[in-house]
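Engineer: Here's a sequence, model it:
(one chain, ligands or ions: 2)
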Amino acid sequence: MEMADIKHLIREKANLQEAYRNEDLEGKYKHFSAAELSDLYQELQSGEKGLATVEAGARLTKYGRNLTTDEADIPWYRFLAKSFIDEFIIVLLVLAVVSFFLQDALGAGIILLLAIISASIRFFQDYSSYQTSQKLKAMMHISVMVRRDEKPVKVNIEDITLGDVVELNVGSFIPADLRIIAATNLFLAQSVFTGEAVPVEKRSLEPDESKNSVELDNIALMGSSVISGSGLGMVVLVGKNTYLGHISHIAEEVKTKTNFDVGIDRVTSTLLKYIAAIVLLVFFINGIVKKDWLNAFMFSISVAVGMTPGMLPMIVNGTLAKGAKFLAQKKTIVKNMSAIQNLGAIDILCTDKTGTLTVDNISLQVYLNASGNEDKEVLEYAYLNSYFTTGSKNLIDRAILSFGETHHISDDVKEYTCVDEIPFDYDRKRVSIVVQHNTEKNHRIITKGAIEEILKVATTMDMDGKIVPLSDEAKEKVMAISDRLNEQGMHVVALAEKTEYIGIDAFSVKDESEMTFVGFVGFFDPPKPDVKDAIEGLYAAGVDVKVLTGDAPIVAQHICAQVGMKSTAVMLGTTVEQMSDEELAKEIEEYAIFARLAPLQKQRVVLAFRKNGHVVGYMGDGVNDAPSLRVADVGISVDSATDVAKEASDIILLEKSLSVLKDGIYEGRRIYGNIMKYMKMALSSNFGNSFSVLVASIFLPFLPMIPIQILIQNLIYDISQIAIPWDNVDPEFIEKPKKWDTKGLGHFMNTMGITSSVFDVVTFYCLWYLLGYNGAAKEAFFQTGWFMEGLISQTLIVHFIRTSKIAFIQSRADSRLLLTTGIAIVAAILVPVLLHSIAAFHFVAMPKEYFLFLLGILLMYAISIELVKKVYIRKYKEWL
Ligand SMILES: Nc1ncnc2c1ncn2[C@@H]1O[C@H](COP(=O)(O)OP(=O)(O)OP(=O)(O)O)[C@@H](O)[C@H]1O
Ligand SMILES: [Mg+2]
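Structural biologist: Ligands and ions are numbered 1, 2, ... in the order given. So this is what the prediction gives:
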């Protein structure tokens with residue numbers, strides 16, 4: 001990153017300006033960049049060999065853990081305090097004080113008790129959700145290789161400190177701000193900062209005196225990642241002092257909002273505006289009609305509290321935490337809780353092949369020369385190449401090394417020294433090492449990589465010892481051998497070599513030219529045993545599967561057929577490259593396999609599916625998968641994945657099995673269903689309530705309920721809903737992907753809101769005319785009557801809304817929800833009886849005929865909801 005880029009970024013973020021001025025960030029980076037290495041070591045009391053473990057421990061205590069945000073544990077009493085700072089509680093407390101001054105100490109005491117009950121419920125729910133998420137966080141660690149006591153050790157990112165020497169390899173995550181002290185073709189992705197995907201080269205060079213402005217080529221910022229090459233970096237800034245530390249609170253705001261979070265926010269904010277408007281109206285109407293402004297005020301405030309879907313955050317967090325816990329039992333870590341809901345919404349899962357669909361210990365099967373015969377020399381070349389590669393060794397390298405060890409190739413290595421390396425990258429799909437045999441003077445370059453890429457740089461080939469030109473015809477023959485291996489499901493890499501002479505000391509990609517093709521190695525890359533079932537399960541769940549691989553099309557097709565994929569139509573990376581985004585989006589639906597893809601082509605495929613309206617999950621484990629993991633709706637990686645991939649994902653599977661995916665998807669849909677239940681109820685009953693309260697305010701000479709009654713009603717109702725996260729969801733509901741749907745919410749709100757308002761008005765009418773609660777003397781009867789009817793019908797509605805089938809008869813709620821709602825109904829009947837002697841509550845004991853009426857109206861209510869439901873489903877073809 002150029003200094004200019006950093007300056008630009010810093011200026012862009014308003015709150016960074018402060019830090020920029022006060023802490024002189026630019027000065028700091030300039031200083032670390034310009035320092036001679038020896039001065040730097042002096043300053044940080046460290047060296048190339050890194051810190052001693054004891055020293056590192058001492059520094060950690062001194063400078064604190066390497067965290068960009070305050071992640072200290074929030075103590076329980078903070079949650080307790082927060083539980084009391086809630087509009088519901090505050091209104092209750094105000095009411096308690098008012099009652100106290102009206103000489104009603106008992107009433108005030110009971111109101112206080114209500115406040116305490118409500119706050120405690122909130123406290124236990126919130127605190128346990130928090131504990132769950134903390135536990136999950138503790139399970140999730142990204143580690144890096146650091147030199148401690150002169151040995152490389154794996155250390156969690158949080159435990160890195162000033163002066164640590166970090167080893168950088170392909171796939172490493174930069175764990176703090178580093179000064180690069182050694183680098184071999186080291187390229188970093190810093191799109192986190194610049195938004196640009198182009199990798200930037202980092203060098204260890206000490207600054208050139210002649211340059212007047214220091215270019216920060218030798219500084220690597222926390223949050224970037226290694227795309228290719230390798231190197232060493234010394235930690236110069238940690239935690240909040242890093243560049244990322246200064247912007248992470250900004251980044252967090254942008255990052256954690258998924259489509260689901262945004263949906264919920266939008267609905268709540270619309271609802272709050274609506275409530276505010278209604279409440280103002282209610283206040284003025286009641287004030288004018290009843291001329292009692294204090295009471296009108298208390299009443300409208302209570303209506304506001306009653307209408308606010310106060311349980312929403314608790315229901316959302318509780319459901320998500322419950323889902324995360326469920327998945328944790330299945331050895332699946334959810335980094336970002338809302339991702340579970342998104343998992344339920346995906347209708348396409350894109351996946352990488354090797355190590356994700358296939359087992360993660362592939363084995364070497366054949367080593368053939370250019371004429372297709374087994375040839376030990378080919379194996380030796382492959383072994384040398386894998387042995388001397390310094391970057392993190394991937395599955396291919398590991399397979400070659402273990403085969404070589406069991407076949408006595410490993411001894412040959414001793415005769416060679418490694419001179420240089422041209423590291424692997426996903427665009428070249430090749431890696432080269434430069435070696436020298438101890439009896440020879442010349443250097444030899446050995447290159448291994450994808451067959452097409454090796455053929456691009458070879459001009460001759462080794463035909464059983466004779467070097468012959470590599471004609472087009474010969475290339476075809478070579479390809480045919482590779483295709484044959486691919487057809488057997490084998491993963492193939494090719495080898496080439498070239499003998500250079502002494503004199504060159506730095507090799508680069510340009511030296512991969514005019515090489516001699518020597519042969520192939522083939523690997524058996526079998527699918528994981530349960531992949532077939534897992535894919536079948538995904539299809540059954542309405543999720544289509546697409547394979548996005550860097551491997552050859554034939555081998556990909558072979559494996560895809562083996563694991564039972566519906567289609568094996570292939571599109572190649574080169575085709576993807578030629579198409580515009582629009583063309584790609586149009587063509588893409590027809591294909592199931594995308595082969596020979598470079599990392600950014602993978603990303604384009606994911607984006608194209610999203611553009612077509614799909615919700616896309618991406619599962620992968622490599623550096624080349626990170627860009628796609630970031631842009632997918634849900635990124636999934638496995639425990640053995642590279643750090644960058646893990647960092648970019650939302651969900652990490654600790655077990656090798658993929659069957660957990662299906663569980664996760666169904667859990668996501670269940671979560672969505674349960675959150676939607678509450679949302680739809682809250683919306684429809686609010687809409688309905690507000691209308692009835694308006695009608696009542698206009699036509700009744702007294703308040704339809706007194707403020708404290710509204711609050712008690714609200715509390716009992718809320719308690720009845722606590723069990724929603726544990727409720728079950730109809731099997732039909734989770735059959736298909738569930739996408740967040742605001743339009744559905746709108747239809748629902750109108751239909752159900754109107755139904756419940758109509759019933760409220762019918763109830764008013766009956767109370768007034770049928771039961772004769774129509775004078776000031778009968779006010780308390782009217783209010784108690786509405787309290788009971790309103791509370792019971794509101795509590796019952798969850799049972800009707802939760803299913804598209806006939807409530808109780810065809811689909812029954814979980815026993816916990818049956819219990820809590822049952823308790824609420826009993827409470828609705830008992831509370832007025834128990835409290836009727838306390839004047840403050842205005843309750844009376846209702847006569848028998850009221851209960852007859854109650855039973856009748858509830859039955860009518862139930863029947864009409866079921867009818868409305870039928871009509872609704874016929875019209876909109878869905879429920880929930
Ligand atoms: N260590 C290596 N040495 C040589 N070539 C390699 C190495 N690793 C990968 N390649 C080449 O690069 C290609 C793409 O790499 P890789 O298979 O990791 O990509 P991918 O997109 O992750 O695909 P996959 O679905 O197989 O995981 C491979 O098919 C292989 O030809
Ligand atoms: Mg891969």
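Engineer: residues near residue 297, how many?
Structural biologist: Per other CB atoms under 10 Å, the neighbour tally for residue 297 reads 14. Placement of C-beta: from N, CA and C, glycine included.
Engineer: which residues are in contact with the strand or helix carrying it?
Structural biologist: Following DSSP states H and E, one finds residue 297 within helix 293-307. With CB atoms under 8 Å, 6 or more residues apart in numbering as the test, helix 293-307 has contacts from 87-88, 91, 95, 98, 275-276, 278-280, 282-284, 286-287, 290, 686, 689-690, 693, 703, 706-708, 710-711, 713-714.
Engineer: cutoff 6 Å now
Structural biologist: With CB atoms under 6 Å, 6 or more residues apart in numbering as the test, helix 293-307 has contacts from 87-88, 91, 275, 279, 282-283, 286-287, 686, 693, 703, 707, 710-711, 714.
Engineer: Repeat that for stretch 337-345.
Structural biologist: Stretch 337-345 is contacted from outside by 258, 260-261, 320, 323-324, 334, 615, 633-634, 650-651, 664-665, 668-669, 671-672, 737-739, using CB under 6 Å, 6+ apart.
Engineer: count of residues packed around residue 732?
Structural biologist: Neighbour count for residue 732, taken as other CB under 10 Å: 12.
Engineer: which stretch of helix or strand covers the closest residue to it other than its chain neighbours?
Structural biologist: Nearest residue to residue 732, sequence neighbours excluded (CB to CB, 6 or more residues apart in numbering): residue 804, at 7.2 Å. Counting by DSSP H and E, no helix or strand carries residue 804.
Engineer: With residue 418 instead?
Structural biologist: Using DSSP H and E, the element containing residue 418 is strand 416-425.
Engineer: That strand pairs with which strands?
Structural biologist: Take DSSP bridges as the rule and strand 416-425 pairs in its sheet with strand 430-437 (antiparallel).
Engineer: hmm, who's touching the helix or strand following the partner strand?
Structural biologist: Counting by DSSP H and E, the next helix or strand C-terminal to strand 430-437 is strand 443-449. Under the criterion CB under 6 Å, 6+ apart, residues 381, 384-385, 419, 429-436, 493, 495-500, 512 lie in contact with strand 443-449.
Engineer: Compute the number of surrounding residues for the residue in the stretch 501-650 of the chain that ligand 2 sits nearest to.
Structural biologist: Residue nearest to ligand 2 within the stretch 501-650 of the chain: residue 622 (3.9 Å; CB to the ion). Neighbour count for residue 622, taken as other CB under 10 Å: 24.
Engineer: Ok, the one 5 residues further on next?
Structural biologist: Summarising burial for residue 627: neighbours were counted as other CB under 10 Å, giving 25.
Engineer: And what about the residue lying closest to residue 425 once chain neighbours are set aside, helix, strand or coil?
Structural biologist: Excluding the flanking residues, the one nearest residue 425 by CB to CB, 6+ apart is residue 228, at 3.8 Å. At residue 228 the chain is in strand, as set by DSSP: H, G, I helix; E, B strand; the rest coil.
Engineer: Quick check: bridge partners of residue 228?
Structural biologist: Listed by DSSP bridges, the beta-bridge partners for residue 228 are residue 187.
Engineer: Hmm, it is touching residue 187, no?
Structural biologist: Yes. If you go by CB atoms under 6 Å, residue 228 and residue 187 touch, sitting 4.7 Å apart.
Engineer: More neighbours: which of those two?
Structural biologist: residue 228 (25 against 18).
Engineer: mind checking the SS state of residue 74?
Structural biologist: Secondary structure, three-state DSSP: residue 74 is coil.
Engineer: State the number of residues packed around residue 216.
Structural biologist: Other residues near residue 216 number 25, with proximity taken as other CB under 10 Å.
Engineer: And residue 864, by the same measure?
Structural biologist: Neighbours of residue 864 (other CB under 10 Å): 15.
Engineer: pLDDT value on it, please?
Structural biologist: Per-residue pLDDT puts residue 864 at 93.
Engineer: Okay, the residue nearest in space to the middle of the chain and ligand 1: tell me how far apart.
Structural biologist: By CA atoms, centre = their mean, the mean C-alpha position of the chain lies nearest to residue 650, the distance being 3.0 Å. In this structure, residue 650 and ligand 1 are 19 Å apart, going by CB to the nearest ligand atom, to the nearest Å.
Engineer: try residue 125
Structural biologist: Distance from residue 125 to ligand 1, by CB to the nearest ligand atom: 42 Å.
Engineer: With residue 660 instead?
Structural biologist: In terms of CB to the nearest ligand atom, residue 660 sits 20 Å off from ligand 1.
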